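J.: Curious how this folds, go ahead:
(one chain, ligands or ions: 1)
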Amino acid sequence: MSSTDSVLDAEQAGFYREQGYLCLPGLIGPEWIGRLKDAMAALVEQSRNLTRSDGTFDLEDGHTADAPRLRRVAFLDDLNPVFWDFARNSVLPDVVADLVGPDVTFRECISNYKWAGGGQAVKWHQDIPFYPHTNLTPMQVLVALEDVTPEQGPLQVIPRSHTGPVFDHYGPDGEWTGYIDDADHDKIALDTARELTGPAGTVTIHHGVTVHGSKRNDSPVGRPVLILGYNAADALPYTAPAYPSSHHGEIVRGQPPSHARHDPVTLRLPPDWSGGYTSIFAHQDDEA
Ligand SMILES: O=C(O)CCC(=O)C(=O)O
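T.: Got it, this is the predicted structure:
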């Protein structure tokens, strides 16, 4: 797929390189947001009769048919064509191409609902330990489907933490936890955390090494976000993906890679996800 016009200016791309994140308020217009919200609402309907989480639907405690409470739905690009259309044909892959392109690979499309009245916190973590690649270009893109205020548990990032180190996401007992142990918190400038808020359609992007998390949503308003993973096409994974949808690894801008590019970094291997993955919420809550 050929490249299209630049979306980001040099200052925005420079900010991402220096700070390891970017916040683009209201980047996605109401037409896309409306289509995506309809598709997300249809998934909530589909979840009503589920009584337990599976590899696709991740339910919060207290989920019932009458009052559904979702933490996450995965494999969205396979569940409804609107999500794949968005992942491939919206402005997002162009934004990613501006940061690490021109050749861009799609990795995954999932949603976090962060339900009103107690939606689960996400503990401090980095993404690259979940899916090591030959280089550090993998990034996560969050698209706010509703307005996000500080009360709803917005994404928080630690500026410049993408320069390292990469922390262990295993606990002292050697079990995968999916978060950075408290013992390492004094090595992270947590007091510099930035809360990324904005109107529906706001897009945030964070680098795979950026430390990030979000607080519990005790507000009466949900905080549904779509999460899309992309990377430079010359970043090749060497462990099983958590969410191997039919589009995982597809080139969405530019050309397929002829080489794997390596960054000089040692990454501890995550558990083998080839037998199935639940969600970061389940691991962090020790349910997995
Ligand atoms: O939804 C959030 O606030 C955090 C998203 C995230 O970091 C994740 O799901 O890995």
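
J.: can you list the residues of the stretch 51-200 of the chain near the ligand?
T.: Taking Cβ under 6 Å from any ligand atom, the part of the stretch 51-200 of the chain that reaches the ligand is made up of 112, 114, 122, 155. Using the backbone N, CA and C atoms, a C-beta is placed for each residue, glycine as well.

J.: contacting residues for the closest residue to the ligand within the stretch 151-288 of the chain?
T.: Among residues of the stretch 151-288 of the chain, the one nearest the ligand by Cβ to the nearest ligand atom turns out to be residue 214. It sits 3.2 Å away. Contacts for residue 214 (Cβ atoms under 8 Å, 6 or more residues apart in numbering) come out as 114, 121-122, 153-156.

J.: circling back: which one (most neighbours) among the residues of the stretch 51-200 of the chain next to the ligand?
T.: Using other Cβ atoms under 10 Å as the neighbour criterion, residue 114 leads these with 31 neighbours.

J.: so that one makes contact with residue 152?
T.: Yes - shown here, residue 114 and residue 152 form a contact pair, counting by Cβ atoms under 8 Å, at 6.8 Å.

J.: Just want the phi and psi numbers for residue 109.
T.: Backbone torsions for residue 109, taken as degrees, to the nearest 10, come to phi -140, psi 110.

J.: And the one 4 residues further on, by the same measure?
T.: Geometry field for residue 113 lists phi and psi as phi -90, psi -30, criterion degrees, to the nearest 10.

J.: how many neighbours does it have?
T.: Residue 113 is surrounded by 25 other residues when neighbours are defined as other Cβ under 10 Å.

J.: OK, contacts around the closest residue to residue 90 other than its chain neighbours?
T.: On the basis of Cβ to Cβ, 6 or more residues apart in numbering, the spatially nearest residue to residue 90 that is not a chain neighbour turns out to be residue 32, at 6.2 Å. Counting by Cβ under 8 Å, 6+ apart, residue 32 touches 86, 90, 201.
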